[in-house]
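Novice: I need the structure of the sequence given here:
(chains A, B, C and D)
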4 protein chains.
Amino acid sequence: MNKTRLEAFSDGVIAILITIMVLELKVPHGSDMASLLPLLPVFLSYVLSFIYLGIYWNNHHHMLHTVKQVSGGILWANLHLLFWLSLVPFATGWIGENHFEPLPMAVYGFMLLMAAIAYYILQLQILKVQGKDSLLAKAIGSDSKGKLSPVLYVIGISSSYIHVGIAGAIYILVALIWLIPDKRIENNFVHKDE
Amino acid sequence: MNKTRLEAFSDGVIAILITIMVLELKVPHGSDMASLLPLLPVFLSYVLSFIYLGIYWNNHHHMLHTVKQVSGGILWANLHLLFWLSLVPFATGWIGENHFEPLPMAVYGFMLLMAAIAYYILQLQILKVQGKDSLLAKAIGSDSKGKLSPVLYVIGISSSYIHVGIAGAIYILVALIWLIPDKRIENNFVHKDE
Amino acid sequence: MNKTRLEAFSDGVIAILITIMVLELKVPHGSDMASLLPLLPVFLSYVLSFIYLGIYWNNHHHMLHTVKQVSGGILWANLHLLFWLSLVPFATGWIGENHFEPLPMAVYGFMLLMAAIAYYILQLQILKVQGKDSLLAKAIGSDSKGKLSPVLYVIGISSSYIHVGIAGAIYILVALIWLIPDKRIENNFVHKDE
Amino acid sequence: MNKTRLEAFSDGVIAILITIMVLELKVPHGSDMASLLPLLPVFLSYVLSFIYLGIYWNNHHHMLHTVKQVSGGILWANLHLLFWLSLVPFATGWIGENHFEPLPMAVYGFMLLMAAIAYYILQLQILKVQGKDSLLAKAIGSDSKGKLSPVLYVIGISSSYIHVGIAGAIYILVALIWLIPDKRIENNFVHKDE
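Specialist: Numbers count the residues shown, from 1 in each chain, chains lettered A, B, ... in the order given. As a prediction, this is how the structure comes out:
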């Protein structure tokens, strides 16, 4: 089983997802500011989802980098992750078109939660092949980000019906947590490219 | 002839197909549960087709892994397979939008049948180059799954007009047959990635 | 300049083109044969364009295989080819939706003609780098197919206004000419994959 | 961190962007010249954006070619560039559909400006890793094109409200500046492909 194709396929799917999201930004028929403004919520949700997919692609990268042997379990766990990510454009379009109403915000959080769980399962499958003393196991360490994120998503989903602003703030917060570089991991992973 | 490009092109096409299917999940205009529920059949058909394309990608992977030399026959047999797979999003959208009515269900089964036949032809083309004693020939063995699937598809297509539930159950059954890991094949194929 | 990325980019663009064409096959709202039948011309034009893009991808493959050094000229000639190929889905949708009327048929032929010319320019750019005694120069030989195709396209375009059937027959004929394997070329190009 | 995947992902995104732009060329319902003509502005804006994305892909290529080690900074600067490029199809569709009216023209220029800035940031990130004496630093030299382009974009954006023709002419001019091969850079970069 070829790791290169697993990476190439995942890259392809994420590249397409990140790009077709922009199709939700429908070209307005008017040409004045008044016809551009209604696109602002769609644009903002696009920015957030773009960052999320960027984070997933980035982390996927790092994690797969350590993989030597691709098992059937890794392959299907990877497809499972791609499945939930593939729903991001849908959820993004929905929150944007409805100006961040409660149900769409909760569904958006649910997609993020499922993607986070799928990512965790993929990580388990890789660790199963590599063992507890592997480079990846060390780099992940206590995996505090990975454990905190689902908790925050659940809080975000629950708070959608109290105030969508709280849910939105939480989803942005999780993205920020992942954006802040994790020096320890990067140190473990940076290699000279041959 | 370069195997890498054959794989990359196939990965690209399957990655795009698996992703544009999600465009059939049209963003609803409302933001309540009532506007989300009608999407359920579209979602279910999306899940099934996602799994099917995942299985094809997975098997394509394994099969191409053994290929050393790409003939013109392999190349066109591969394009022929991609052609039938490219119709999956259409058939998926059709069964989803029409709540699994007889004709769409039969057409969906027909696409699966043609893809299965195309896959079989591709396999024949590869075996023609590699010979009967090749690694692939051994791994395929009696090819019971490959022989059973078309028969089941034909039963599924025929039963669409009796009850679409039977057709649906059969299409799910075939997917499950392929999902269950085939230990013998995996044992023959797993290699350490260099 | 990296040949791998030129190939990967071209593969990506052609894979996307071949796949988004299928989006012209709009999912019908009805679920009976009467709602499927109007799609037949769209389907037939899809099949023809799928084969054309397959032929271009195949030939592009063979030609690039011999390239060692990518010049700026090759790069832009390649983008120029991709530009005309990118218009194929548009022309395909147009002939399909209008049941092969004269102007769409002429425009379709024009796209094919421009793509053929772009391919010829790309070939010239590659030969400029490689020289007249290169493997590619020998494999191309008198390039009778490459010289015949534009002539046939021009006849096809002109005959669109006499009878679209003649134009259609000519476009199919050119596809068949390219589909028939060119034994001499294949013999020159088949290599064992390392 | 794997440079190959960074390139493959960027190639994928740019390939998809360059291709989905063509979806703005909506298949006309009529089949006569009168129904084709209104597409002319959409087509012209497509040509310009195709060339711009081609230039970005080409330059991205050259720049990444010199990269040995991918830092977190390079990765996110690259995603930032892809973000602004991902808005090109939207802006292209908007200027085309509104026959080059002032606001769309200004927004189009703004996207180009942001993409140019993002490219400059990416260049800085790469130079930070490689140092001032690197091959890339020498090849860039005084970076007169890179410094001139944003200035021209700002003039183009400002002049949209005076006359859209000036803005359009400036955007075309910038594209031409980049299209003219920069002999010195090419000399520094051309390598034999191993």
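Novice: element containing the residue in chain A positioned nearest to chain B?
Specialist: Closest contact between chain A and chain B, by CB to the nearest CB, is at residue A:12 (3.4 Å). All C-beta spots, glycine's among them, are computed from the backbone N, C-alpha and C. In this structure, residue A:12 sits in helix A:3-20 according to DSSP states H and E.
Novice: Quick one: name the residues of chain A near chain D.
Specialist: When proximity is defined by CB under 8 Å from any CB of the partner chain, chain A lies next to chain D at A:7-8, A:11-12, A:14-16, A:18-20, A:22-23, A:25, A:27-33, A:36, A:47, A:50, A:54, A:57-58, A:61-62, A:65, A:179, A:181, A:186, A:189-193.
Novice: got the buried residues for the helix ranked longest in chain A?
Specialist: Taking DSSP state H as the criterion, chain A has its longest helix at helix A:102-130. Residues of helix A:102-130 classed as buried: A:102-123, A:125-127, A:130 (neighbour count, 16 or more other CB atoms under 10 Å in any protein chain shown).
Novice: How far off centre is it?
Specialist: Relative to the chain's own centre, helix A:102-130 is displaced by 8 Å; criterion: CA atoms, centre = their mean, to the nearest Å.
Novice: Quick one: list the elements packing against the helix or strand that that helix is followed by.
Specialist: Toward the C-terminus, helix A:102-130 is succeeded by helix A:135-140 as the next helix or strand (DSSP H and E). In terms of contacts (3 or more CB pairs under 8 Å, 6 or more residues apart in numbering or on different chains; DSSP states H and E), helix A:135-140 is packed against helix A:102-130, helix A:183-189.
Novice: same for the very next helix or strand once past helix A:135-140, what does it pack against?
Specialist: Once helix A:135-140 ends, the next helix or strand along the chain (criterion: DSSP H and E) is helix A:144-159. Where contact means 3+ CB pairs under 8 Å, 6+ apart, helix A:144-159 is packed against helix A:102-130, helix A:164-179.
Novice: Residues contacting the shortest one, please?
Specialist: This points to helix A:164-179. Taking contacts as CB atoms under 8 Å, 6 or more residues apart in numbering or on different chains, the residues outside helix A:164-179 that touch it are A:48, A:51-52, A:55, A:59, A:100-102, A:105-106, A:108-109, A:112, A:145, A:148-149, A:152-153, A:155-157, A:159-160, D:76.
Novice: Got the phi and psi for residue A:66?
Specialist: In this entry, residue A:66 is assigned phi and psi values of phi -90, psi -10 (degrees, to the nearest 10).
Novice: before we move on, the earlier item: dump the helices and strands packed on helix A:144-159 to a markdown table, plus distance to residue B:82 and mean pLDDT.
Specialist: Below are those laid out as a markdown table (distance: least, CB to CB, whole Å; pLDDT from 0 to 100):
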| stretch | distance to residue B:82 | mean pLDDT |
| --- | --- | --- |
| helix A:102-130 | 27 | 93 |
| helix A:164-179 | 36 | 92 |
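Novice: now these in JSON lines, with distance to residue B:42?
Specialist: Output for these, formatted as JSON lines (distance: least, CB to CB, whole Å):
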{"stretch": "helix A:102-130", "distance to residue B:42": "15"}
{"stretch": "helix A:164-179", "distance to residue B:42": "25"}
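Novice: Give me the pLDDT value at residue A:186.
Specialist: Here, the pLDDT recorded for residue A:186 equals 51.
Novice: I should have written residue A:194 there, sorry.
Specialist: What the model reports for residue A:194 is a pLDDT of 30.
Novice: Kindly report the same for residue A:18.
Specialist: pLDDT, residue A:18: 92.
Novice: doesn't residue A:53 make contact with it?
Specialist: Yes. Assessed by CB atoms under 8 Å, residue A:18 is found in contact with residue A:53 at 4.7 Å.
Novice: which one of those two has more residues nearby?
Specialist: Each of residue A:18 and residue A:53 has its neighbours counted (other CB atoms under 10 Å in any protein chain shown); residue A:18 has more, 28 against 22.
Novice: That one and residue C:110, how far apart?
Specialist: The gap separating residue A:18 from residue C:110 is 34 Å, by CB to CB, to the nearest Å.
Novice: returning to that earlier point: weed out the non-buried ones from the residues of chain A next to chain D.
Specialist: Among the residues of chain A next to chain D, those scoring as buried are A:7-8, A:11-12, A:14-16, A:18-20, A:22, A:25, A:27-28, A:31, A:36, A:50, A:54, A:57-58, A:61-62, A:65, A:189 (criterion: 16+ other CB under 10 Å).
Novice: what sits against residue A:38?
Specialist: By CB under 8 Å, 6+ apart, the contact set of residue A:38 is residue A:28.
Novice: List the single closest residue to the residue of chain A closest to chain B in space, sequence neighbours excluded.
Specialist: With sequence-adjacent residues excluded and distances taken as CB to CB, 6 or more residues apart in numbering or on different chains, residue A:12 is closest to residue B:15, at 3.4 Å.
Novice: Might one say that the one you found is in contact with residue A:17?
Specialist: No. Using CB under 8 Å as the test, residue B:15 is too far from residue A:17 to be in contact (9.6 Å).
Novice: before we move on, the earlier item: could I get the pLDDT score of the residue of chain A closest to chain B?
Specialist: Looking at residue A:12, its pLDDT reads 91.
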